[in-house]
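Asker: need a 3D model of the sequence below.
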Amino acid sequence: MSIVRKMKRALRGEVDARTVALEALRRSRARAARRRERSLLPALAQAPARLRPEFARLSQSELLAHFRSRAAPKFFPGCDSSAETSELQRSLFPFETAQLLEKAARIAREHCWTVLGYGEKCFGERINWLCDPLSGVDWPLDYHGDVRLLRGDGSDARVLWEVNRLAHLLTLARAGAVTGDEKFAREIFAQLASWREQNPLGRGPNWSCAMEVALRAMNLLTTFNLLRDSSLLDEETLPLFLQTFDQHGAHIRRNLEFSYISTSNHYLSDVTGLFWLGLMLPELEAARGWRELGWRELLREMDKQVLADGADDEASTGYHRFVLELFLYSFVLARANEIEIHDEHWRKLRLMLEYTRALLRPDGRAPLIGDTDGGQVLPFRKRAADDHAYVLALGALFFDEPRLKQPSEAMPEELLWIFGREGVRAYESFGEMAESAPSQAFERAGTYVMRADDLYLLFNASGSGLKGRGSHGHNDALSLEVSACGTCFITDPGTYVYSADFHERHLFRSTQYHSTLEVDAAEQNSTDASTPFVIGDEAHPRVTHWETNADFDLVTAEHDGYRRLAQPITHRRSVRLHKRERFWLVEDELVGDGEHELRFRFHFAEELDASMHARRVAQVRNRVTGARLFVVALDVNKPPEFEPRFVSRDYGSKSASISACWTVRAAAPCRYRWALVPVCAGDDESERLSLIERFDMD
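Answerer: Okay, the predicted model is just below:
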């Protein structure tokens, strides 16, 4: 990459001269620090855990007795009282318990477990922690700062990192707690020893990203806490854990992913990991510094990364869930250990939960706006990328706010392991909640949700994210997600993969994959398939009108993504929900000059049948319930083309879908309208069809 391109990439978004100077100085110091670290790695790798003097003086047996009996600091109540939690796990979740034990047995016996959306992967008798499980490519043990993550050979660092977060050890630890069978603890210690042997400190891809080191440390902390009563946690294995924790904390501290230009979920994960390590391991010499730095920076990042309306500032619902977990779990630990949390941070966390509640469709699932890599902070149970309701259950209990609980949503297992018996009792006292979310506008996030009974439409007017520096935003300005009759009909496609396939990565974030307007085959924001985590900031979507009342919802927005064309135009879109007649009217207006090729697309969800109903009417049908959505072209007198597409509900998985595309060549200014009319099972079809006929169809 040329120096000019590197500069443009580094300085994209809203960056002032002072910030550029500070960042240049920081990078110079970081390079010097890495040179020092490189020379010190052999000694650091051999050093035992650095304990505070009063603990360093203890014998190994005394230190072990201390960890077995200590009452503080407090971890999650459900993990601290594992015997009580295990009994409740069996009684409250019998089916899930059987699944847990079956999965743990597969991990222990055959080294097989689920990885993201790829299904179960088996790693053989001797796990190779440096082998990409998809491509079979082995990653080198170079100094972590030299590891090239975008290789172009089919490998995917995100998948390798998922394996090396060691979250599957939580499955083994929980199974051990439930059964009392030490074979699960034995497997944990064996895998940790194997991992350490193959991943020497600071070398290879599994040390190349401080975020991954932090998330691994958090999973290991939880596993360690569940192992405190195991007979296999002895005078030999305890130092193994303590050295691992000390090395992880020190590595994060040396390699924080901070930038004066912008910080994201990466830096937030770094400082969260430091906070957890410093809080839960006060025996370590560096613990106090980690805890203070981690907590201070965690709150600063909440101030920076969470918008005033509660949305994470990365233009991504998937990363909103991930960041919400980081804050929520950390606040649970802080409150348990009597760490002061100021009102403004309580309020921001509550707003994050409210934003999640507002996003969920009537089926309880979240639209996958922007990137989603399926990441979870503590995956006690693997959740699909669009499953966000369990976090609301945790938030409802944490804030003692039953309204956050989703109607008919079962108590999640996570609640038991985090809040314990008392949490379960409190949650059960909430009873069934019948209140549903209203139509809502989130101006800062650019998210507008229209609702009426079972009708749901999400209108997306978000930008690239992170003040124009977004790496996880998509070209989805003024796009729609539509649900009715218990069916998601029009959907965001999701993400699929990052670096395993640059072409697919580019498609899933492209304008043509979203339910919006594409002009002259151009992208709304500039992208380059060779730089999969860079997206331009040309569109600047903005909402000019929002109104909601008992009869209708109305939103109008526009963007400038096509102002950079040779003949510039502005795309303006209005959506009106007619609540009493139960349909949406979408109006697209092109303001500017010149003749353009316009492609109006509606991307249908997977497992639906799409066909023509009339010349200008496409219909999409739920093959199980028979519910349908008619998409009516009011100003285009020709049928659409049905284009093959894909939808990804979890990282690495994809299902075939279809997009209806009307292509028009027209001179600006011009206007085109579309009616979206749902027909539910049991509806009077002739009555609903007469609504379509109102629009003067042939």
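Asker: where does this structure have low pLDDT?
Answerer: Along the chain, segments meeting pLDDT under 70 span 1-12, 433-434, 695-698.
Asker: quick check: domain ranges of the protein?
Answerer: By the assignment in automatic domain parsing, the chain contains the domains 1-258, 306-437, 441-693.
Asker: the ones you listed into JSON lines, with extra columns for mean neighbour count?
Answerer: The C-beta positions use only the backbone N, C-alpha and C, and glycine is treated the same way. Shown next, in JSON lines, are these (neighbours: other CB atoms under 10 Å):
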{"stretch": "domain 1-258", "mean neighbour count": "17"}
{"stretch": "domain 306-437", "mean neighbour count": "20"}
{"stretch": "domain 441-693", "mean neighbour count": "20"}
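Asker: Ala286: which of those is closest?
Answerer: domain 1-258 (6.2 Å; CB to CB).
Asker: which one, of the domains of the chain, ends up nearest to Met280?
Answerer: Closest among the domains of the chain, using CB to CB: domain 1-258, at 5.6 Å.
Asker: next helix or strand past the lengthiest strand in the chain?
Answerer: Ranked by residue count, the top strand of the chain under DSSP state E comes out as strand 655-667. Remark: after strand 655-667, the chain's next helix or strand is strand 670-679, criterion DSSP states H and E.
Asker: can you name every helix or strand that that following strand contacts?
Answerer: Secondary-structure packing of strand 670-679 (3 or more CB pairs under 8 Å, 6 or more residues apart in numbering; DSSP states H and E): strand 583-592, strand 595-603, strand 628-633, helix 685-693.
Asker: strands paired with that strand, and their directions?
Answerer: Its sheet considered, strand 670-679 pairs with strand 583-592 (antiparallel), strand 628-633 (antiparallel) by DSSP bridges.
Asker: returning to what we had before: need the domains of the chain in a markdown table with distance to Leu274, can you?
Answerer: Formatted as a markdown table, the domains of the chain follow (distance: least, CB to CB, whole Å):
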| stretch | distance to Leu274 |
| --- | --- |
| domain 1-258 | 6 |
| domain 306-437 | 11 |
| domain 441-693 | 22 |
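Asker: re the thing from before, tilt between the longest strand of the chain and strand 595-603?
Answerer: 150 degrees (axes from the mean of the first three to the mean of the last three CA atoms, to 10 degrees).
Asker: packing partners of strand 655-667?
Answerer: strand 595-603, strand 608-614, strand 617-622, strand 641-647.
Asker: tell me which of those sits nearest to Ala190.
Answerer: Of these, the one closest to Ala190 (CB to CB) turns out to be strand 641-647, at 39.4 Å.
Asker: just the CA atoms of that closest one, as CSV, please.
Answerer: In CSV, the C-alpha atoms belonging to strand 641-647 read as follows (Å, rounded to 0.1, in the frame of the first residue of the first chain):
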residue,chain,number,x,y,z
GLU,A,641,-35.8,-9.3,-11.8
PHE,A,642,-35.3,-11.9,-9.1
GLU,A,643,-31.6,-12.0,-8.2
PRO,A,644,-29.9,-14.8,-6.3
ARG,A,645,-28.6,-13.6,-2.9
PHE,A,646,-27.5,-14.9,0.4
VAL,A,647,-28.3,-14.2,4.1
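Asker: outside of it, which residues touch it?
Answerer: 491, 493-494, 496, 508, 513, 601, 603-606, 610, 618, 654-663 (CB atoms under 8 Å, 6 or more residues apart in numbering).
Asker: which SSE is immediately downstream of the top helix by length along the chain?
Answerer: Determined from DSSP state H, the single longest helix within the chain is helix 17-46. The helix or strand immediately downstream of helix 17-46 is helix 53-56, counting by DSSP H and E.
Asker: figure out how far the longest helix of the chain is from the centre of its chain.
Answerer: Computed by CA atoms, centre = their mean, to the nearest Å, the chain-centroid distance of helix 17-46 equals 29 Å.
Asker: coming back round to it: got CSV for the helices and strands packed on strand 655-667, with distance to Glu538 too?
Answerer: CSV is the format used below for these (distance: least, CB to CB, whole Å):
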stretch, distance to Glu538
strand 595-603, 17
strand 608-614, 32
strand 617-622, 30
strand 641-647, 24
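Asker: between these, which gets nearest to Thr244?
Answerer: When the helices and strands packed on strand 655-667 are compared by CB to CB, strand 641-647 sits nearest Thr244, at 39.6 Å.
Asker: just the angle between that closest one and strand 655-667, please?
Answerer: Using the same axes, to 10 degrees, strand 641-647 lies at 140 degrees relative to strand 655-667.
Asker: partner strands of strand 641-647, parallel or antiparallel?
Answerer: Here, using DSSP bridges, strand 641-647 pairs with strand 655-667 (antiparallel).
Asker: dump the partner strand to PDB, restricted to CA.
Answerer: Provided in PDB are the C-alpha atoms of strand 655-667 (Å, rounded to 0.1, in the frame of the first residue of the first chain):
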ATOM      1  CA  SER A 655     -28.400 -19.500   3.300                       C
ATOM      2  CA  ALA A 656     -29.700 -18.800  -0.200                       C
ATOM      3  CA  SER A 657     -32.200 -15.900  -0.600                       C
ATOM      4  CA  ILE A 658     -33.700 -13.700  -3.300                       C
ATOM      5  CA  SER A 659     -33.700 -10.000  -4.000                       C
ATOM      6  CA  ALA A 660     -36.400  -8.400  -6.100                       C
ATOM      7  CA  CYS A 661     -34.800  -5.600  -8.200                       C
ATOM      8  CA  TRP A 662     -36.600  -3.100 -10.400                       C
ATOM      9  CA  THR A 663     -34.100  -1.500 -12.900                       C
ATOM     10  CA  VAL A 664     -35.100   1.900 -14.300                       C
ATOM     11  CA  ARG A 665     -33.200   4.300 -16.500                       C
ATOM     12  CA  ALA A 666     -34.500   7.800 -15.800                       C
ATOM     13  CA  ALA A 667     -33.500  11.500 -15.700                       C
END
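Asker: closest to Ser61 out of the strands paired with strand 670-679?
Answerer: strand 628-633 (68.5 Å).
Asker: just the CA coordinates for that closest one, please, in CSV.
Answerer: This file holds the C-alpha atoms of strand 628-633, laid out as CSV (Å, rounded to 0.1, in the frame of the first residue of the first chain):
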residue,chain,number,x,y,z
ARG,A,628,-47.2,-13.2,2.4
LEU,A,629,-45.8,-9.8,1.7
PHE,A,630,-46.7,-8.0,-1.6
VAL,A,631,-44.2,-5.5,-2.9
VAL,A,632,-46.1,-3.2,-5.3
ALA,A,633,-44.3,-1.0,-7.8
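Asker: what does that strand rub up against?
Answerer: Contacts of strand 628-633 (CB under 8 Å, 6+ apart): 482, 484, 487, 489-490, 600, 602, 613, 616-622, 640, 660, 662, 672, 674-679, 692, 695, 697.
Asker: can you give me the helices for the stretch 451-600 of the chain?
Answerer: Assigned by DSSP state H, counting those that start in this stretch, the stretch 451-600 of the chain shows helices spanning 502-508.
Asker: please apply the same query to the stretch 51-200 of the chain.
Answerer: 53-56, 60-69, 77-80, 82-92, 94-110, 157-164, 168-179, 183-198.
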